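S.K.: Would you be able to build a 3D model of this:
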Amino acid sequence: MYNSVHTDFDRAKFAFEDSISRVAIIEEKMKRCEVNVSCSDNIQANLHAKAWVGVFFVEFYIKDMSHRMLAVMDTGSNLLWVHCIPCPNCAQASIRIYNPSTSSTYTNVSCRSEYCEALRQSSCDQHENCKYELHYEGAAPTEGMLATESFIFDTSDDGLLTVPNVVFGCSHESNEKPDVVMGVLGLNNNKVSLATQLGNKFSYCVGRIKDPSYEYNQLILGEGAILEGDSTPLEIYNGYYYVTLEGLSLGGAMLDIPKNTFQRTNSGKGGVMIDSGGEFSFLVQRAYEELAAAVMNMIDLRFWFKPELHFSQLCFEGNVTKEIKGFPSVTFHFSGGAELGLEAESLFSQSTPTSFCMTILQADYEQPGVIGVGAQQYHNVGYDISGKKLYLRRMDCELLDE
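M.R.: Modelled structure (predicted):
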């Protein structure tokens, strides 16, 4: 669930490299496939980490190789959208903004289409084209036109694959600055999401969050998705991916948390979702208090609970690298036997030069628990939407390139 409040997006800009030299090398490798039709190659995309924000950015191209995009990977959103000319912040942007009026492959989607009807907030303009409006918690909405265009992705054999007629959002109204957030790549189960358009399967492998030097993070879409490791049932509710969390352990010792603590009620309250659009994880009060007490019992440092908006975060005095060497892992135990282990590097982060905090916070009352992307570091996570399975495998993503 992408939320710009979690980080100060306005403090940094993307640094883009000139792609002209790359075009000459790989243009001959470019292939084409159709939306909703299996392609012979895996549809892949590099994932980029940034030191200033705890999310991953998907690299792809729109229309041609001159329009390189980096969009937030978000399993809690339904639509792939990018900034389009005209837009209020485009004039000051230092990057090239996509202009649909110059593209022969851009087409507006009718407001009578099934894709438009799949959006929660959509309407018709004077030409019967589909207009959309998206809202994110704690952030300004974005508005634009639903359209189709050709998108270019990497393939498993180091080539490129052009996928025509991809449904996407061409955003003309957004308070996000294009230099900082170029768009969002939604991967939920909605008909308009890229995950659904390209085959109802996807996987991502991520290394250390906020480490731009790690080059092996990747997203795979469609039949090539890596569905390996232990699996657990995947439930979809209100467009979010929910898992059945059964317990937590610290250093192999199960915490005293009843299983029903993590259950979603008949009215839809509670439960635990897995999310790629936010760094931090959240647990309901009973689970959080048990975990926090166990962690405090193992760290002999001054501690306090720091309020973060509506949440509570456990913090300690000291340097995270020096103070938590050898700290045991926290493990999430899921139905079916799947596990997700968080070593110290995933469990704590340096908050100030003199303090560090736990990356798991207490969820607000009746809100669902969330397993954020920070807890998924050093894992391949596979989603089989049709089969309703989530796959978890701890690994170094560099192995995927071998």
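S.K.: ranges for the strands of the stretch 1-150 of the chain?
M.R.: Counting by DSSP state E, counting those that start in this stretch, the stretch 1-150 of the chain has strands at residues 31-32, 43-50, 53-62, 68-74, 80-83, 107-108, 122-124, 130-136, 139-154.
S.K.: Could you export the third one as CSV, CA atoms only?
M.R.: Written as CSV, here are the backbone C-alpha positions of strand 53-62 (Å, rounded to 0.1, in the frame of the first residue of the first chain):
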residue,chain,number,x,y,z
VAL,A,53,12.8,5.4,0.9
GLY,A,54,11.7,1.9,2.0
VAL,A,55,10.0,0.7,-1.2
PHE,A,56,11.2,-0.7,-4.5
PHE,A,57,10.9,0.9,-7.9
VAL,A,58,10.0,-1.1,-11.0
GLU,A,59,12.0,-0.2,-14.2
PHE,A,60,10.2,-0.4,-17.5
TYR,A,61,9.7,1.6,-20.7
ILE,A,62,6.5,3.1,-22.1
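S.K.: would you list the strands of the stretch 1-150 of the chain in JSON lines and tack on mean neighbour count and distance to Tyr115?
M.R.: In short, each C-beta sits where N, CA and C put it, glycine included. Below are the strands of the stretch 1-150 of the chain laid out as JSON lines (neighbours: other Cβ atoms under 10 Å; distance: least, Cβ to Cβ, whole Å):
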{"stretch": "strand 31-32", "mean neighbour count": "13", "distance to Tyr115": "21"}
{"stretch": "strand 43-50", "mean neighbour count": "22", "distance to Tyr115": "19"}
{"stretch": "strand 53-62", "mean neighbour count": "24", "distance to Tyr115": "17"}
{"stretch": "strand 68-74", "mean neighbour count": "24", "distance to Tyr115": "18"}
{"stretch": "strand 80-83", "mean neighbour count": "26", "distance to Tyr115": "12"}
{"stretch": "strand 107-108", "mean neighbour count": "16", "distance to Tyr115": "11"}
{"stretch": "strand 122-124", "mean neighbour count": "15", "distance to Tyr115": "9"}
{"stretch": "strand 130-136", "mean neighbour count": "20", "distance to Tyr115": "7"}
{"stretch": "strand 139-154", "mean neighbour count": "21", "distance to Tyr115": "6"}
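S.K.: show me the contacts for Pro100.
M.R.: Neighbouring residues of Pro100 by Cβ atoms under 8 Å, 6 or more residues apart in numbering: 84-85, 106, 145, 147, 149, 170.
S.K.: again, 6 Å this time
M.R.: Applying Cβ atoms under 6 Å, 6 or more residues apart in numbering to Pro100 gives the contacts 84, 106, 170.
S.K.: Other residues contacting stretch 261-268?
M.R.: With Cβ under 6 Å, 6+ apart as the criterion, stretch 261-268 contacts 245, 270-272, 286-287.
S.K.: With adjacent residues omitted, what lies nearest to Ser171?
M.R.: Nearest non-adjacent residue to Ser171, counting by Cβ to Cβ, 6 or more residues apart in numbering: Gly144, 3.9 Å away.
S.K.: Contact partners for that neighbour?
M.R.: By Cβ under 6 Å, 6+ apart, Gly144 lies in contact with 169-172.
S.K.: Looking at those, which one is closest to Glu228?
M.R.: Gly169 (32.1 Å; Cβ to Cβ).
S.K.: what's the span of stretch 352-368, first residue to last?
M.R.: Terminal residues of stretch 352-368 lie 28 Å apart, using Cα to Cα, to the nearest Å.
S.K.: Check stretch 187-203 too.
M.R.: Span of stretch 187-203 from end to end, Cα to Cα: 10 Å.
S.K.: how far out from the middle of the chain is that stretch?
M.R.: In terms of Cα atoms, centre = their mean, to the nearest Å, the centre of stretch 187-203 is found 13 Å from the chain centre.
S.K.: Other residues contacting it?
M.R.: Contact with stretch 187-203 is made by 35, 43, 75, 78-80, 115, 118, 167, 186, 220-223, 225-226, 236, 239, 382-386, as judged by Cβ under 6 Å, 6+ apart.
S.K.: do stretch 374-388 as well
M.R.: Residues contacting stretch 374-388 (Cβ under 6 Å, 6+ apart): 54, 189, 200-205, 208-209, 225-227, 234, 279, 281, 342, 346, 359, 391, 393-395.
S.K.: Narrow those to just the buried residues.
M.R.: Buried residues within the contacts of stretch 374-388, counting neighbours by 16 or more other Cβ atoms under 10 Å: 54, 189, 200-205, 209, 225-227, 234, 279, 281, 342, 346, 359, 391, 393.
S.K.: Just the ones in strands from the residues you listed, please.
M.R.: Judged by DSSP state E, the subset of the buried ones among the contacts of stretch 374-388 located in strands is 54, 201-205, 234, 281, 342, 391, 393.
S.K.: from those, which is closest to Ile299?
M.R.: Ile299 has its nearest neighbour among those in Leu342, at 15.1 Å by Cβ to Cβ.
S.K.: how many neighbours does the residue lying closest to that closest one once chain neighbours are set aside have?
M.R.: Distance criterion Cβ to Cβ, 6+ apart; nearest residue to Leu342, sequence neighbours excluded, is Val330 at 4.6 Å. Residues near Val330, counting by other Cβ atoms under 10 Å, number 24.
S.K.: Enumerate every residue touching Val330.
M.R.: Taking Cβ under 6 Å, 6+ apart, one finds 250, 342, 347 in contact with Val330.
S.K.: ok, now how distant is it from Ile385?
M.R.: Distance of Val330 to Ile385, computed by Cβ to Cβ, to the nearest Å: 28 Å.
S.K.: I'd like the next helix or strand past the longest helix anywhere in the chain.
M.R.: Assignment by DSSP state H gives helix 285-298 as the longest helix of the chain. With elements assigned by DSSP states H and E, the helix or strand that comes after helix 285-298 is strand 303-308.
S.K.: Including pLDDT and neighbour count, could the contacts of stretch 261-268 go into JSON lines?
M.R.: Shown next, in JSON lines, are the contacts of stretch 261-268 (pLDDT from 0 to 100; neighbours: other Cβ atoms under 10 Å):
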{"residue": "Leu245", "pLDDT": "97", "neighbour count": "25"}
{"residue": "Gly270", "pLDDT": "92", "neighbour count": "18"}
{"residue": "Gly271", "pLDDT": "95", "neighbour count": "21"}
{"residue": "Val272", "pLDDT": "97", "neighbour count": "26"}
{"residue": "Arg286", "pLDDT": "94", "neighbour count": "16"}
{"residue": "Ala287", "pLDDT": "96", "neighbour count": "23"}
